[in-house]
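K.L.:
how would this look folded up:
(chains A and B)
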There are 2 protein chains.
Amino acid sequence: MNLRLVVTVSLILNLVLTIYFLYNNSTTWNPTWTSRAASEAETAASVSCSGHGRAFMDGLGVLDGYKPPCECNNCYTGKDCSILLVDCHVNANSGDPLFLEPFWMRQAESSAVLVSGWNRMSYFYQDGTFVSEELEKVIRKLHSVVGNAVTDDRFVIFGGGTTQLLAAAVHALSSSTNSSPARLLTSVPYYSMYKEQAEFFDSAHLKFEGDASEWKKSEPNDNITQVIEVVTSPNNPDGKLKGAVLDGPNVKTIHDYAYYWPYFSPITKPVDEELSLFSLSKTTGHAGSRFGWALVKDKDVFERMKTYIRLSSMGVSRDTQLHALQLLKVVVGDEGESIFHFGYQTLKKRWETLNQIMSMSTRFSFQTIEPEYCNYFKKVRDFTPSYAWVKCERLEDTNCYEVFRAAKITGREGKVFGSEERFVRLSLIRSQDEFDQLIHMLNKLVSEEALGNDSI
Amino acid sequence: MNLRLVVTVSLILNLVLTIYFLYNNSTTWNPTWTSRAASEAETAASVSCSGHGRAFMDGLGVLDGYKPPCECNNCYTGKDCSILLVDCHVNANSGDPLFLEPFWMRQAESSAVLVSGWNRMSYFYQDGTFVSEELEKVIRKLHSVVGNAVTDDRFVIFGGGTTQLLAAAVHALSSSTNSSPARLLTSVPYYSMYKEQAEFFDSAHLKFEGDASEWKKSEPNDNITQVIEVVTSPNNPDGKLKGAVLDGPNVKTIHDYAYYWPYFSPITKPVDEELSLFSLSKTTGHAGSRFGWALVKDKDVFERMKTYIRLSSMGVSRDTQLHALQLLKVVVGDEGESIFHFGYQTLKKRWETLNQIMSMSTRFSFQTIEPEYCNYFKKVRDFTPSYAWVKCERLEDTNCYEVFRAAKITGREGKVFGSEERFVRLSLIRSQDEFDQLIHMLNKLVSEEALGNDSI
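P.N.:
Alright, predicted model coming up:
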């Protein structure tokens, strides 16, 4: 009887284990050559940094066989980033789009890419270009899903971020002039890269002239001098939607739409311009991947831009293109619903917090923009720009950057944007930790104001 | 008795299956979020292209859910690349370094990288730069292992291939001149990129002047005019080791050492120059990754080059840097033994085959270089350059490129290298298929010569 029980139990156990064995060997995929890389990535991802940092596979010491170390967010320290430095200096300077990092961590499975050692070693894709056709396809799809740009009858060109494409575009539009250099203009306050590039690359064919409206007033349009206007919309630093100031047969326009995504602005219409620039940095948050694209209407301009990209870097890294393809596949997979919702909600909350604090201040003001109807979210919505463009209102606060520096907040100086020193730009798209610290220090600064014991 | 046997067998089976179960759940690593990406990579890798092509994860149609298609080597066609097109036109033009692809396929496990969706989204590494410290470390290690360059007291800077670094270096060395533009010189035959960049970017501070020796003869050195000489060693197209032609207080030199690796040339000494350029393309064969580095002695030049890289692309894609780190880790893992042995043996065999055919020809000649002692292989060895620099010897064969075109071989025109049309460059570092076809067509061409029935 006892024996019979043993047999029964044993047979059942056998059956269960055999089913497990068979299932495990038939339906589960067994990784072979990819397992080392996958395991390495999971190891790095599993390093606990207390939610205040992260470990990367190429972290310091990995060559010597160490586990990737935690790289802590600003103001956090310790081996596992668990120690918060009290009243530490806040970085609100660069537009590092880490507000989207948590989204990609949640999308770990769908967004990962395994790059083989022999992935696209050639200079060329099969069609002889430097451009992945599938990536181009997914970019067109993205614009149609978001409704922010017309891509019909447009060439698509890739570059190492908007940075490289901007240089390519300016070059393409200026170098056809034979006589006097083309004038590069934009509107104050402007993204400093336009000026910096023009001055540093120092082409014989280009001269940066600053503010477009000033130029329009001072220089009667001769319809001859070649003019290039860069229009940034939404604008960096102030987040406003902008249009061109100049027109005429001698005026060419470059539209920098890096920020024209539902995170930052209502999508009021699909833009339909001659030459538009976009950046992965502000689309998916991957600033480090150095990837951007341009939509170009004119074939000659497209060809000149292609030549520029070829002669400056022979196109964009094929590894990066593969990565970008996977990320954008995730984005368009649900028509952008998850990522734009996540990003917009994040920024909306941040702006609410910021508004609450700043409403208590008379010393500081910042941009206000009337809500508009957003074709993407199908409703009237606020602007939630990447940056607060802050003005110091007190007469004596002539250098706003320094006022914030003294309060342990590093923004970006107004004069960098061609504006007055009375302005400072504060970045709101960095990590949640950095935003929280910014709020903490802003709170202090504004409270001091209420108590009347601010330093100046 | 029977029952007892059943019990025993059943218990033994229990034991075996339990051990399997436990083992499988404890020691085997169970992929979680990485498994989709890993599986996708393995699927692409498992597509059979008959050894005459390969399938990539970003191949045409993947967005629509299709399995990545085969991308066939030149002259092969069909869904699985199994059909050889008879007497098809051979591509021996670009220096696509696919001769190393089989090496990386064999190193599938060690060279793979899994990039997470949140990998290095920031503009900056933790030290605030655009440069991975571990990658810099492995590059220094690589030079010390190969013995081809001194890296002590050198800054390392990364770029989008040697292409971008060359532009950065020329800019850094030329823009300090205030008066007349700096003159850019090199030695005929030269890599055309030097000229193309200088002319296309058209800086106010630079003028391409061609051959250094000619310049030296015609222009007495005034010790004032700023001169930049680019020295390519081994030279592209002819594979010879070269030194600077010009000197003087007003002369600055850029050394392009893209080809100074044991595949192509004896390593005669560790080079120890002011400014040297290297390229991943010719180091590991990853032309598509667009990665290169410069070793720079002077801090000011380094800073100017860094500014150039920042303003043109804000550094190199962090995905690419991660990939390059993994590849170079494999290379230095056995002190370069496997890859340099593989690559050198491949090129040695190719040169033997080529020499055999060309020895039967009086119509064509190409460069010969005396063997030298190689500090890396610790023996005297032949040069095995990337390219055959072919001269058409017959008076009537004035355009050598066209002679080969007529024989269905596309090389690169001599005049592209600042040389005569009597020369053509044939690439020997492409895929084995392409080399085999090249040999096939060369054989035909040379046999016709012996039969006296060549067209001209």
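
K.L.:
When you work out contacts or count neighbours from here on, use the C-alpha atoms and nothing else.
P.N.:
Noted.

K.L.:
Strands of the stretch 101-250 of chain A, start to end?
P.N.:
A:113-115, A:155-159, A:182-186, A:206-211, A:227-232 (DSSP state E, counting those that start in this stretch).

K.L.:
Make a markdown table out of the ones you listed and add mean pLDDT.
P.N.:
Converted to a markdown table, these look like this (pLDDT from 0 to 100):
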| stretch | mean pLDDT |
| --- | --- |
| strand A:113-115 | 98 |
| strand A:155-159 | 98 |
| strand A:182-186 | 95 |
| strand A:206-211 | 93 |
| strand A:227-232 | 97 |
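
K.L.:
Of all those, which one is nearest chain B?
P.N.:
Nearest to chain B, of all these, is strand A:113-115, at 4.2 Å by Cα to the nearest Cα.

K.L.:
So which elements touch the closest one?
P.N.:
Here strand A:113-115 touches helix A:318-333, helix B:35-46, strand B:113-115, going by 3 or more Cα pairs under 8 Å, 6 or more residues apart in numbering or on different chains; DSSP states H and E.

K.L.:
Show me the domain layout of chain A.
P.N.:
A:44-83, A:133-333, A:337-451 (automatic domain parsing).

K.L.:
can those domains go into JSON lines with extra columns for distance to residue B:42 and mean neighbour count?
P.N.:
Below are the domains of chain A laid out as JSON lines (distance: least, Cα to Cα, whole Å; neighbours: other Cα atoms under 10 Å in any protein chain shown):
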{"stretch": "domain A:44-83", "distance to residue B:42": "21", "mean neighbour count": "18"}
{"stretch": "domain A:133-333", "distance to residue B:42": "15", "mean neighbour count": "21"}
{"stretch": "domain A:337-451", "distance to residue B:42": "28", "mean neighbour count": "19"}
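
K.L.:
CA atoms only: put the helix or strand where residue A:425 lies into CSV for me.
P.N.:
Element membership of residue A:425, judged by DSSP states H and E, is strand A:423-427. Coordinates of each C-alpha in strand A:423-427 appear next as CSV, following Å, rounded to 0.1, in the frame of the first residue of the first chain:
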residue,chain,number,x,y,z
PHE,A,423,17.9,86.8,-18.0
VAL,A,424,18.8,83.3,-17.1
ARG,A,425,17.7,80.0,-18.6
LEU,A,426,16.8,77.2,-16.2
SER,A,427,16.6,73.7,-17.6
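
K.L.:
circling back to that earlier point, distance to residue B:357 added to the domains of chain A, as a markdown table?
P.N.:
Formatted as a markdown table, the domains of chain A follow (distance: least, Cα to Cα, whole Å):
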| stretch | distance to residue B:357 |
| --- | --- |
| domain A:44-83 | 46 |
| domain A:133-333 | 34 |
| domain A:337-451 | 61 |
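
K.L.:
Out of those domains, which is closest to chain B?
P.N.:
domain A:133-333 (4.5 Å).

K.L.:
sorry, back to before: closest one to residue B:389 among the domains of chain A?
P.N.:
domain A:133-333 (23.6 Å; Cα to Cα).

K.L.:
Quote the end-to-end distance of that closest one.
P.N.:
18 Å (Cα to Cα, to the nearest Å).

K.L.:
Of all the domains of chain A, which one comes closest to residue B:201?
P.N.:
domain A:133-333 (7.2 Å).

K.L.:
what about that closest one and chain B, any contact?
P.N.:
Yes. Using Cα under 8 Å from any Cα of the partner chain, domain A:133-333 comes into contact with chain B via A:133-134, A:138, A:160-161, A:163-164, A:167, A:193, A:196-197, A:200-204, A:285-291, A:308, A:311-320, A:322-323, A:325, A:327, A:329.

K.L.:
ok, so what distance separates residue A:388 from residue A:92?
P.N.:
10 Å.

K.L.:
Look up the residues that both of those two are in contact with.
P.N.:
A:426, A:427, A:428 (Cα atoms under 8 Å, 6 or more residues apart in numbering or on different chains).

K.L.:
Report the contact partners of the first one.
P.N.:
Read that as residue A:426. Contacts of residue A:426 by Cα under 8 Å, 6+ apart are A:92, A:93, A:387, A:388, A:389, A:390, A:410, A:411, A:412.

K.L.:
State the pLDDT value of it.
P.N.:
Confidence at residue A:426, expressed as pLDDT, is 98.

K.L.:
Now do it against residue B:110, distance only.
P.N.:
44 Å.

K.L.:
Likewise for the last one?
P.N.:
The span separating residue A:428 from residue B:110 equals 40 Å under the rule Cα to Cα.

K.L.:
ok, and what's touching the biggest helix by length in chain A?
P.N.:
The helix that spans the most residues within chain A, counting by DSSP state H, is helix A:2-26. Helix A:2-26 is contacted from outside by B:6, B:7, B:10, B:11, B:13, B:14, B:17, B:18, B:21, using Cα under 8 Å, 6+ apart.

K.L.:
Just give me the neighbour total for the second one.
P.N.:
Put plainly, it is residue B:7. 19 (other Cα atoms under 10 Å in any protein chain shown).

K.L.:
Check the third one too.
P.N.:
The local packing of residue B:10 (other Cα under 10 Å) involves 21 other residues.

K.L.:
What pLDDT is listed against it?
P.N.:
Reading off the model, residue B:10 has pLDDT 80.

K.L.:
Can you list the low-confidence ranges for chain A?
P.N.:
Within chain A, the stretches with pLDDT under 70 are A:1, A:21-30, A:175-179, A:452-456.

K.L.:
re earlier: quick one: which of the contacts of residue A:426 sit in strands?
P.N.:
Using DSSP state E, the members of the contacts of residue A:426 that fall within strands are A:387, A:388, A:389, A:390, A:410, A:412.

K.L.:
Now the first one. Nearest residue, chain neighbours left out?
P.N.:
Take residue A:387 and drop its neighbours on the chain: the residue closest to it by Cα to Cα, 6 or more residues apart in numbering or on different chains is residue A:427, 4.6 Å away.
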